[in-house]
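Chemist: I would like to see how this sequence folds:
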Amino acid sequence: MPQSQLNTLMEKIRSKYDVETIPLRIGEKILNILQLKDLGGLIAELVDTKTVGIMDLPFWAKVWDASLVLAYFMGKQPVVLGQRILEVGAGIGTVGLYTALCGHRITISDIDEDALLFARANAILNNMPRLEVRKLDWNDPDLPEPYDVIIGSEVVYDRESYPNLVQFLRRALAPNGIIFLAKNAELNTPKFFSELTKHFEFKQTTRTVHSGDETQKIALYAIRHKNGASSSPCPRGTAANNGNQGAKDAHMGK
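Modeler: Sure, this is the predicted structure:
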């Protein structure tokens, strides 16, 4: 059954995209990731032909450095029996797949139908045919019950989405739950945090990713409801607002 499901998914994907499967190493584990062969070329073509607007470009198909940092971080968290984790804006599913590979129960979600096709195919490619992958609209979420943990990487790039995202997080997070978000530290998003702190409190740490001669700083946030039962912990191994631990083990497999 998984193979027939994969064949159906691949037929749909290949009808629109030129794809390849690559090994992606995060920490000591390797994922097989189905991705676009030439994402940059596709984006350039779409921009040149004005086929879609800037917010409709397939950025969901990129494996962001923030995703590698968040995946590595989640892989270091203890597995808690019965804990429910939700990934928002999952794209092709890198963070959720690695989190599941490390033993956690997670639901991968996105609003883009093509992203969901890739995430479902990647779940099967990594022998996770029962991993839940679902469409989720922050404006009209259909949630059976709140989640204990919500995670997301590079999900705060659209300023127009901030109010809806924060309201969604209020509804989707359990009273004593926690949110982990990761983003490029250079991305300036004061309006998001202005909206967020109306209802949540957060702590921040920074990780540094090394890729060849280049480095990038990734901000990682631990977020809780205000007046929660317990204080918001910093991501393990760092100090609030003062972390700079290198995430050298999160990188693309060669």
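
Chemist: what distance separates the start and the end of stretch 67-82?
Modeler: End-to-end distance for stretch 67-82, by Cα to Cα, to the nearest Å: 24 Å.

Chemist: what comes up buried for it?
Modeler: Buried residues in stretch 67-82, counting neighbours by 16 or more other Cβ atoms under 10 Å, are found at 67-75, 77. C-beta here means a position set from N, CA and C on the backbone, and glycine is covered the same way.

Chemist: equivalent analysis for stretch 196-209, please.
Modeler: For stretch 196-209, by 16+ other Cβ under 10 Å, it's 196, 200, 202-209.

Chemist: could you pull out the strands for the chain?
Modeler: Here the chain has its strands, by DSSP state E, at 19-26, 29-36, 85-87, 106-110, 132-135, 147-153, 173-184, 200-211, 214-225, 245-246.

Chemist: which one of those is the most hemmed in?
Modeler: strand 85-87 (a mean of 27; mean count of other Cβ atoms under 10 Å).

Chemist: quick one: strands adjacent to that strand?
Modeler: Sheet pairing here is set by DSSP bridges, and for strand 85-87 it gives strand 106-110 (parallel), strand 147-153 (parallel).

Chemist: quick check: residue 165 touching residue 155?
Modeler: Yes - Residue 165 is within contact range of residue 155, at 7.0 Å (criterion: Cβ atoms under 8 Å).

Chemist: let's have the buried residues of stretch 196-209 in TSV, adding pLDDT.
Modeler: Output for these, formatted as TSV (pLDDT from 0 to 100):
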residue	pLDDT
196	97
200	98
202	97
203	97
204	96
205	96
206	95
207	93
208	91
209	89
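
Chemist: would you turn those residues into a markdown table with distance to residue 220?
Modeler: Compiled in a markdown table, these are given as follows (distance: Cβ to Cβ, whole Å):
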| residue | distance to residue 220 |
| --- | --- |
| 196 | 15 |
| 200 | 15 |
| 202 | 10 |
| 203 | 9 |
| 204 | 7 |
| 205 | 5 |
| 206 | 7 |
| 207 | 6 |
| 208 | 11 |
| 209 | 11 |
